[in-house]
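In: Below are the sequence and a predicted model for it; my questions follow.
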Amino acid sequence: MLIKTFGSAVQGVNAYTITMEVNVTPGTKYYMVGLPDNAIKESEQRIESALKYNGYRMPRQKVVINMAPAGIRKEGSAYDLPIALGILAASDQMRGERLGEYIIMGELSLDGTLRPVKGILPIAIQARKEGFKGFVLPVQNANEAAIVNKLDIIGVENIKQAIDFFDGKVDITPLVIDTRDIFQATVNQYEADFAHVQGQENIKRALEIAAAGGHNAIMIGPPGAGKTMLAKRLPSILPPLTMQEALETTKIHSVAGKLGESASLLSTRPFRAPHHTISDVALVGGGGVPQPGEISLSHNGVLFMDELPEFKRTVLEVMRQPLEERRVSISRAKMTIDFPANFMLIASMNPCPCGYYNHPDKDCVCGPGVVQRYLNKVSGPLLDRIDLHVEVTPVTFDQMTESRKTESSEAIRERVVKARQIQEERFKDFPNIHSNAMMPSQMVKEICEINAGGKALLKTAMERLGLSARAYDRILKVSRTIADLAGTDEIKIEHLAEAIQYRSLDREGWAG
């Protein structure tokens, strides 16, 4: 008897429906075809054990399972449940007329208990698109799938419960959650807040400008000055995620298996801080079946790279293209997969190996030329893509112990949101541009016009401070963002002057 059940395969951040055709006929042996990997081939042992434990039998006949389309390689143990149910229906041990109405996924334990699987959200989105009535899956994944409306989400704990559901012996109420209510209730709930930071007003200002224009930034300062602490608070002043951004971000984390059990829609912007020993593949994504890397996991959020010069050169260089194109393309012999990567890069570094170059109180012990060699670990093309260079100085004792209340993240975020709204209006005719940082060079000349006084100031700054040519566009973009924060259409001289301050690493002789 031939029975069809339906599962799904995830490639990139998209899902493709897979049909499990199960045929039980007179004969012997168990055959699985359709490009399954070893984990799927091993499912025979898990399925047989789970069926016996729950009072069913594995047919002692010829069992042929075809996973179609046969040209797509299938991976993982998530096909255990649909294959097991197909075998039971094909051997007349359960009713099979409703199996075709549902997408079914789940990994079986030897006793029939279901384990959670990853990539549930894109699978649920595809199931609704293709008109399936519902989705039968492990109960631990039900909250994630319930983000998708107009699809019956049937969470089951074990194979017996799934069998009874399809046999009509139990009625499982589909899980329904109000995604928008949950999203609105938890949006912008960050543990870290700028209200807890004493001093460092100039760094807070720089991060506010970075958030308002979507600019990348690097902080240079001695150990213990607060670079990491400040970076962790940056997501709390970024504009709230939109529902579309939240879905995009959740899909990526779902595919990577980073959501955790019973997780639902991500409502806060991601903050990823990989260790400096990370490989280039782990950063941009890859593998035999490409998986998203830290760059894509930072989509719509912040990628923080602490101690930037300590990262391997190859790791730093692979970031250059994603920073420009805001996506990662991973090519294999038979496919090319794109992962979104629209993130803000925030980096920090010591000014030298000992950490105390330019320190107000401690002497640097690095030898001649050591400081410059240390800074040269970060290439010019990468620095070219970082708009703000901020020098961080240690907080004094008086600043740490003062009792006055500092500005909260919520107050800063209000100004950032207003500046972003100005930019959304400015770029409404350009669908791929949403912030000042994303402007191409030709657009900078049109949108970032400066008066004669501004041109004279910029010329003087570039000549006297030894600023490089690559700093020109960056200064104009940042000054445009500062003007947006001030609510003015014109870029004034004070806006340009402030933007010029944020090009420390472009100054000739900065490191001696």
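Out: Yep, it's here. Numbering: from 1, shown residues only.
In: show me where the stretch 51-200 of the chain has helices.
Out: 80-90, 120-129, 142-145, 159-167, 179-186 (DSSP state H, counting those that start in this stretch).
In: actually the stretch 401-512 of the chain, not the one I wrote
Out: Residue ranges of the helices in the stretch 401-512 of the chain, as given by DSSP H, counting those that start in this stretch, are 409-426, 441-447, 452-464, 471-486, 493-501.
In: Same list (these) but as CSV, adding mean pLDDT, distance to residue 366 and mean neighbour count.
Out: From N, CA and C alone the C-beta is placed, and that goes for glycine too. Below are the helices of the stretch 401-512 of the chain laid out as CSV (pLDDT from 0 to 100; distance: least, C-beta to C-beta, whole Å; neighbours: other C-beta atoms under 10 Å):
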stretch, mean pLDDT, distance to residue 366, mean neighbour count
helix 409-426, 94, 36, 18
helix 441-447, 86, 37, 12
helix 452-464, 89, 27, 14
helix 471-486, 92, 26, 24
helix 493-501, 92, 25, 19
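In: can you put the ones you listed in JSON lines and add distance to residue 84?
Out: Below are the helices of the stretch 401-512 of the chain laid out as JSON lines (distance: least, C-beta to C-beta, whole Å):
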{"stretch": "helix 409-426", "distance to residue 84": "50"}
{"stretch": "helix 441-447", "distance to residue 84": "57"}
{"stretch": "helix 452-464", "distance to residue 84": "70"}
{"stretch": "helix 471-486", "distance to residue 84": "57"}
{"stretch": "helix 493-501", "distance to residue 84": "63"}
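In: hang on, the earlier thing: for residue 323, which of the helices of the stretch 51-200 of the chain is the nearest?
Out: helix 120-129 (25.5 Å; C-beta to C-beta).
In: Deepest in the core, which of the helices of the stretch 51-200 of the chain is it.
Out: helix 80-90 (a mean of 27; mean count of other C-beta atoms under 10 Å).
In: by contact count, what packs against that one?
Out: Other elements packing on helix 80-90 under the criterion 3 or more C-beta pairs under 8 Å, 6 or more residues apart in numbering; DSSP states H and E are strand 2-11, strand 14-25, helix 43-53, strand 62-68, strand 102-104, strand 107-108, helix 159-167.
In: tell me the most buried of these?
Out: Of those, the one with the most neighbours on average (mean count of other C-beta under 10 Å) is strand 102-104, at a mean of 26.
In: ok, residues contacting that one?
Out: 5-8, 17, 81-82, 85, 123-124, 127, 132-137, 152, 154, 162 (C-beta atoms under 8 Å, 6 or more residues apart in numbering).
In: switch to 7 Å and redo it
Out: For strand 102-104, the surrounding residues in contact (C-beta atoms under 7 Å, 6 or more residues apart in numbering) are 5-8, 81-82, 85, 123, 127, 132-136.
In: cool, stretch 67-81 as well?
Out: Counting by C-beta under 7 Å, 6+ apart, residues outside stretch 67-81 touching it are 7, 9, 16, 18-21, 33-37, 39-40, 43, 46-47, 104-108, 114, 117, 159, 162, 289.
In: again, but for stretch 235-247
Out: Contacts for stretch 235-247 (C-beta under 7 Å, 6+ apart): 183, 187-188, 190, 192-194, 208, 211, 265-269, 271, 300-302, 409, 412-413, 416-417, 420.
In: hang on, the earlier thing: for the helices of the stretch 51-200 of the chain, give me CSV that also has mean pLDDT and distance to residue 225.
Out: Converted to CSV, the helices of the stretch 51-200 of the chain look like this (pLDDT from 0 to 100; distance: least, C-beta to C-beta, whole Å):
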stretch, mean pLDDT, distance to residue 225
helix 80-90, 96, 52
helix 120-129, 95, 40
helix 142-145, 93, 40
helix 159-167, 96, 56
helix 179-186, 78, 32
